[in-house]
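[1] show me how the following folds:
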Amino acid sequence: PTANPLPDQPAQTTVLEKEPESLRAIRAAQMEACEDCHPSIVEGYQKTGMGRSLYRTADADQIEDFSTANAVVNHKESGLTYRAYIDGDGRWWQEEVHPASAFSRRVEALYVIGSGNHTRSYLGEVNGRLIELPLTWYVRKKIWDMSPGYVENNFRFTRDIQPKCIFCHNDLTKTRPGTVSGYAEPLALGISCARCHGDPTEHIALRESGQGPPDGEPDRSILNPKHLPKPQSQQVCEQCHLQGKSRVLVGQAKWDVYDPNTPLQDYMAIFVEKGKAGPEFGIASHGYRMKLSACAKDERLQCTTCHDPHQKNTHTAYLQACNGCHSDAKNPKTKTCQNPRGVKHGSDCVKCHMYKGETSDIPHVNFTDHYIRRRPERLLAQPSDDIETTSLVDVYEESREEIEGQEARLGYAHHDVVDNSASRLINEHTEEGIR
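    Below is the predicted model:
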């Protein structure tokens with residue numbers, strides 16, 4: 001950067017940290033209670049991407065390159081320059097500079113969002129609002145670049161992290177009434193057991209008193225998704241792994257309150273772009289893309305067929321899942337591979353039948369499309385460029401008993417899609433003014 005950085009500033013006291021640590025302590029105690037009885041499960045889960053989804057920069061291992069040569073990004077559309085760095089006290093910052101003037105400002109990175117398997121983005125605070133910072137570290141390419149969405153629409157230091165945005169990155173945190181991105185308690189760090197298994201308070205109390213279900217009976221004091229009907233069991237995963245083009249709450253639901261015992265269709269409507277190829281291949285499109293597969297038509301294929309949510313999965317486990325259905329050549333219901341490419345049967349089903357590459361919404365990543373096909377490269381879904389002709393469909397409409405408000409939710413979803421596109425156009429004019 002050509003402008004001088006701001007002088008050293010006193011340590012920020014964020015409103016996110018002013019409240020007592022009681023709630024965070026309760027969450028930690030619950031995790032410890034889970035670990036007492038399920039040590040290997042908790043240990044394995046904490047190594048997964050979900051178990052490392054959000055944490056403080058003060059607790060983060062540094063995987064980024066903060067060297068001056070590699071931690072500067074020029075946003076050519078606006079003419080602004082951004083720099084990520086760590087100061088002498090070990091605090092993480094991102095700085096914005098206008099090279100043609102003396103303008104410079106910076107915001108401290110308080111939280112890392114993302115496991116570091118693919119990306120790391122950063123959250124800070126501006127005037128009591130939780131915001132996303134402009135730069136993201138992209139792990140596969142080992143580069144800094146603008147955060148997702150910032151190339152087309154540079155939010156600078158104004159992108160509010162609303163409860164809706166952070167819903168899939170940590171345990172739900174109570175919001176401050178009357179604010180867009182203010183929180184009334186310390187930000188929950190990561191995704192705990194409760195997001196999939198519900199409030200463990202009753203379960204812990206019963207087990208600590210020596211009580212439990214009769215032998216052979218499921219434990220009703222805690223949610224175990226395997227005991228749910230298959231569609232509802234899938235929804236436990238889909239609360240985060242089916243993002244859609246727009247998500248709209250049902251009835252009086254709130255983004256900072258959700259119990260996984262509640263069927264997801266009774267909590268939110270998830271709208272995807274309608275089309276024969278399904279919604280576009282996005283970074284959190286797994287749930288719906290998988291449903292387009294022939295393997296999933298009769299509910300044989302579930303997320304947990306291939307993925308153990310409590311541990312990092314191996315390629316061998318994925319192949320075993322495929323061969324569990326596709327190894328019997330005599331069974332007409334389970335077609336085996338005819339090796340059209342000369343690949344040994346069972347050697348790498350994923351490589352041939354699941355496309356892998358960059359997604360439609362996140363740059364510099366290499367993700368696996370969960371739409372399983374014979375020739376995936378021939379049928380990639382293309383996002384619509386014309387927002388006026390985009391047709392949206394609620395993936396849960398047919399399974400939801402409550403139909404009141406459906407037209408209003410559809411209207412809001414269309415407005416949401418149009419509003420996001422309009423924001424990009426407005427920002428283009430703003431950037432012209434900066435230049």
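[2] run through the stretch 201-350 of the chain and note the low-pLDDT ranges.
    For the stretch 201-350 of the chain, the stretches with pLDDT under 70 are 275-279, 328-336, 338-347.
[3] quick one: the strands in it?
    Assigned strands in the stretch 201-350 of the chain, in chain order: 246-249, 268-273 (criterion: DSSP state E, counting those that start in this stretch).
[4] single out the most deeply packed of those.
    Mean neighbour count (mean count of other CB atoms under 10 Å) peaks for strand 268-273 among the strands of the stretch 201-350 of the chain, with a mean of 24. Heads up, the C-betas are built off the backbone N, CA and C, glycines and all.
[5] so residue 192 touches residue 33, yeah?
    No - using CB atoms under 8 Å as the test, residue 192 is too far from residue 33 to be in contact (11.2 Å).
[6] could the strands of the stretch 201-350 of the chain be laid out in a markdown table, adding distance to residue 52?
    Formatted as a markdown table, the strands of the stretch 201-350 of the chain follow (distance: least, CB to CB, whole Å):
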| stretch | distance to residue 52 |
| --- | --- |
| strand 246-249 | 24 |
| strand 268-273 | 25 |
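[7] ok, residue 397 - how many residues close by?
    15 (other CB atoms under 10 Å).
[8] grab the nearest non-local neighbour of it.
    Of all residues not flanking residue 397 in the chain, residue 406 sits nearest, at 6.6 Å (CB to CB, 6 or more residues apart in numbering).
[9] which residues touch that neighbour?
    By CB atoms under 8 Å, 6 or more residues apart in numbering, the contact list for residue 406 reads 269, 394, 397, 400.
[10] measure it to residue 239 for me?
    With distances defined as CB to CB, to the nearest Å, the gap from residue 406 to residue 239 amounts to 20 Å.
[11] nearest to residue 65, of the contacts of residue 406?
    Closest approach to residue 65 among those (CB to CB): residue 269, at 41.5 Å.
[12] who does the closest one bridge with?
    Counting by DSSP bridges, residue 269 is bridged to residue 248.
[13] would you confirm that it contacts residue 393?
    No - Residue 269 is not in contact with residue 393 according to CB under 8 Å; the separation is 10.1 Å.
[14] can I get the contacts of residue 406 in CSV including distance to residue 225 and secondary structure?
    Compiled in CSV, the contacts of residue 406 are given as follows (distance: CB to CB, whole Å; DSSP: H, G, I helix; E, B strand; the rest coil):
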residue, distance to residue 225, secondary structure
269, 21, strand
394, 22, strand
397, 23, helix
400, 20, coil
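[15] I'd like the residues you listed as TSV, with distance to residue 245 appended.
    Shown next, in TSV, are these (distance: CB to CB, whole Å):
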residue	distance to residue 245
269	11
394	11
397	15
400	18
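[16] list phi and psi for the residue most central in space within the chain.
    Central residue of the chain (CA atoms, centre = their mean): residue 168, 4.9 Å from the mean position. Here is the backbone geometry of residue 168 (degrees, to the nearest 10): phi -100, psi 10.
[17] excluding chain neighbours, what is closest to it?
    Nearest residue to residue 168 in three dimensions, chain neighbours excluded: residue 240, at 3.7 Å (CB to CB, 6+ apart).
[18] for the one you found, give its distance to residue 337.
    Distance, residue 240 to residue 337, by CB to CB: 32 Å.
[19] sorry, back to before: and the strands of the stretch 201-350 of the chain: which comes nearest residue 57?
    So among these, strand 246-249 is nearest, using CB to CB, at 28.2 Å.
[20] hmm, who's touching the closest one?
    For strand 246-249, contacts defined as CB under 8 Å, 6+ apart pick out 164, 255, 267-271, 392, 409, 412-414, 416-417.
[21] among those, name the buried ones.
    When neighbours are counted using 16 or more other CB atoms under 10 Å, these contain these buried positions: 255, 267-271, 392, 409, 412-414, 416-417.
[22] got TSV for the residues you listed, with distance to residue 117 too?
    Shown next, in TSV, are these (distance: CB to CB, whole Å):
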residue	distance to residue 117
255	25
267	28
268	26
269	29
270	24
271	28
392	30
409	33
412	33
413	30
414	34
416	28
417	29
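[23] so what does the nearest residue in space to residue 60 that is not next to it in sequence look like in phi/psi?
    Once flanking residues are discounted, residue 60 sits nearest to residue 112: 5.0 Å by CB to CB, 6+ apart. Main-chain dihedrals, residue 112, degrees, to the nearest 10: phi -100, psi 130.
[24] quick check: residue 112 touching residue 120?
    Yes - between residue 112 and residue 120 a contact is recorded at 5.4 Å, counting by CB under 8 Å.
[25] of these two, which one has the most company?
    residue 112 (25 against 20).
[26] mind listing the helices for the stretch 151-300 of the chain?
    For the stretch 151-300 of the chain, the helices defined by DSSP state H, counting those that start in this stretch occupy 163-166, 194-197, 201-208, 230-241, 286-291.
[27] can I get those in CSV with distance to residue 124?
    As requested, these are exported to CSV (distance: least, CB to CB, whole Å):
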stretch, distance to residue 124
helix 163-166, 14
helix 194-197, 24
helix 201-208, 33
helix 230-241, 23
helix 286-291, 29
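[28] so which of those helices is the most packed in?
    By mean count of other CB under 10 Å, the helices of the stretch 151-300 of the chain have helix 286-291 as the most buried, with a mean of 23.
[29] list the contacts for the nearest residue to residue 105 once chain neighbours are set aside?
    Counting by CB to CB, 6+ apart, residue 96 is the residue found nearest to residue 105 once chain neighbours are left out, at 5.5 Å. Contacts for residue 96 (CB under 8 Å, 6+ apart) come out as 80, 81, 82, 104, 105, 106, 134, 156, 157.
[30] among these, which ones are in strands?
    Of the contacts of residue 96, the ones assigned to strands by DSSP state E are 80, 81, 82, 104, 105, 106.
[31] just list whatever residues bridge to residue 367.
    Applying DSSP bridges, one finds that residue 367 bridges with residue 357.
[32] quick check: it touching residue 117?
    No - here residue 367 does not reach residue 117: they are 10.3 Å apart, not a contact under CB under 8 Å.
[33] who has more neighbours out of those two?
    More crowded of residue 367 and residue 117, by other CB under 10 Å: residue 367, with 18 against 13.
[34] where's that one relative to residue 290, distance?
    For residue 367, the distance to residue 290 equals 13 Å [CB to CB].
[35] so what's the residue count around the closest residue to residue 182 other than its chain neighbours?
    Spatial nearest neighbour of residue 182, excluding adjacent residues (CB to CB, 6+ apart): residue 176 at 3.8 Å. Neighbour count for residue 176, taken as other CB under 10 Å: 14.
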